[in-house]
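Undergrad: fold the stuff below for me.
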Amino acid sequence: MTALRARRSLLLLTCTRWFPVGLTIGVTTLIPLERGMSLSQIGVIFAVQGFVILGLELPTGGLADALGRRPILLVSAIFAIGSAVVFAFADTFAAFVVALVMQGVFRALDSGPLEAWYVDTARASDPLVLIEDGLAKAGATMGLAIAAGALISGGLIAWNPVTSVSAVSFPYWCAIPLFLLHLVATGLLVQEPGLPPHAGRWRHAMDSVMCTPRVVVDGLRTLTTSRVLLALVLVEVFWSVGMIAFETLMPIRLAELVGGETQAGTLLGPVSAAAWGLFALGSVIARFASRRIGVAWTALLARVLNGAFIVAMGLMIGPLGLITAFLLTYTMHGAAGPMHNTLLHRQAGPSNRTIILSINSMIAGGTRSLGLLVLGPLAETTSTTAAILAAGALSIIGAALYLPARGQERKVAQIPERE
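TA: Here you go, the predicted structure:
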């Protein structure tokens, strides 16, 4: 597979992966709120997902590096379908917890294999390929896919053609067949050379499982021996707390300002669409900025601005101001992500690329869960504004952890761009 074809597959699968998320992203918090869950319960429900990711990230990442990325991606897509079905039916605390456990398994399996497959496949075809270009385009594609889904979601809520289903829940039902489409697309587009014939794949799978602990240990050893990689992973401790503010608390704050979950859900469709469109724009901006000032500086500045706009969200007292700050937050969110991942890939190789991404995601998921257990009760006992301000301030602090990567980047000669 050529580097160009690998990139096209990456972009298409990014679209099929994230478009159904766009349909649901604005209502995921509102659905349990509508069905009687308290803010503290919502915090626990979503924290469960992070703890599952925390427990499974390293084993699944090691398995992906040992067994292959394709089978892991297929299993993750199956769990995506199952978790969406359970969440759509859930009307009790226990049912939501089960849905989020399944979603945690999906996220643990999904975080890294596709990107790792793209990087290794592209570099096998062209060792000088600029992976930051492909990753930035994937970030832009993700933003546009979620934007389109979110825009349609708002229209579906306003339309609500199925009276037996609440308006807020209807987009979630529409997302389920799209997750199935992603499963089919993954099976068709992800190709990995070197897999044994069908008759030997069970033996290969068992051998891979036996190799997984060694791959995990090697990944952790890399983390402990690389000051740059350790600092990059620790960025997630601060960034994940900031994400709680604009992913989980913002819809709740908007519902407070506009008078209810349905009103907020209707607004969140076009607002989320605009936000993810700006996320895509941020990815494009970061791609060009990184050529001027470097990848590390671009990541650092994007993180600082992202945190500053979260703080601005907390300071706004009307829906228009909240939405404006939210849109700016997502622009910087889109700029930071591809640059952060590019810096991670610089610290990894083909044998440990997925496990390094999994370590990064594990830290993010675990921190997010702990943050939800703190910020949920804080929002309930004080205000959502106080929780948003605390999350934004903490997020800004973590940007300083990009400085070791900046020092390394300054010392290493940059590979010239190839047309």
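Undergrad: drop to CA atoms for contacts and neighbour counts, all remaining ones
TA: Fine.
Undergrad: now do the SS call for V168.
TA: Three-state call for V168 (DSSP: H, G, I helix; E, B strand; the rest coil): coil.
Undergrad: so it sits right up against I25, yeah?
TA: No. Counting by CA atoms under 8 Å, V168 stays clear of I25, with 11.2 Å between them.
Undergrad: per-residue pLDDT of M210, please?
TA: Per-residue pLDDT puts M210 at 65.
Undergrad: all helices for the stretch 51-200 of the chain, in order.
TA: Remark: helices assigned in the stretch 51-200 of the chain by DSSP state H, counting those that start in this stretch are 69-89, 93-110, 113-125, 131-159, 170-189.
Undergrad: please name the residues that touch the residue nearest to L100 when sequence neighbours are not counted.
TA: Counting by CA to CA, 6 or more residues apart in numbering, Q49 is the residue found nearest to L100 once chain neighbours are left out, at 5.1 Å. Contacts of Q49 were listed using CA atoms under 8 Å, 6 or more residues apart in numbering, and they are L100, V101, M102, Q103, G104, V105, G365, S369.
Undergrad: so where does Q49 fall, helix or strand?
TA: Per DSSP states H and E: Q49 is located in helix 39-67.
Undergrad: run the angle between that helix and helix 113-125 for me.
TA: Using axes from the mean of the first three to the mean of the last three CA atoms, to 10 degrees, the inter-axis angle of helix 39-67 relative to helix 113-125 is 30 degrees.
Undergrad: all the helices of the stretch 301-419 of the chain, residue numbers only.
TA: Under DSSP H, counting those that start in this stretch, the stretch 301-419 of the chain gives helices at 319-346, 353-381, 384-397, 403-411.
Undergrad: can I get those in CSV including mean pLDDT, distance to L301 and mean neighbour count?
TA: Below are those laid out as CSV (pLDDT from 0 to 100; distance: least, CA to CA, whole Å; neighbours: other CA atoms under 10 Å):
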stretch, mean pLDDT, distance to L301, mean neighbour count
helix 319-346, 92, 8, 22
helix 353-381, 84, 20, 24
helix 384-397, 94, 10, 22
helix 403-411, 88, 11, 15
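Undergrad: go through those and name the closest to P59.
TA: Ranking the helices of the stretch 301-419 of the chain by their distance to P59 (criterion: CA to CA) puts helix 353-381 first, at 8.4 Å.
Undergrad: by contact count, what packs against the closest one?
TA: Contacts defined by 3 or more CA pairs under 8 Å, 6 or more residues apart in numbering; DSSP states H and E place helix 353-381 against helix 39-67, helix 93-110, helix 113-125, helix 201-225, helix 227-244, helix 319-346, helix 384-397.
Undergrad: is it true that I53 touches G366?
TA: Yes. Contact criterion CA under 8 Å: I53 and G366 qualify, at 7.2 Å.
Undergrad: for the residue nearest to I146 when sequence neighbours are not counted, which three-state class applies?
TA: Once flanking residues are discounted, I146 sits nearest to G22: 3.9 Å by CA to CA, 6+ apart. Under three-state DSSP, the three-state class of G22 is helix.
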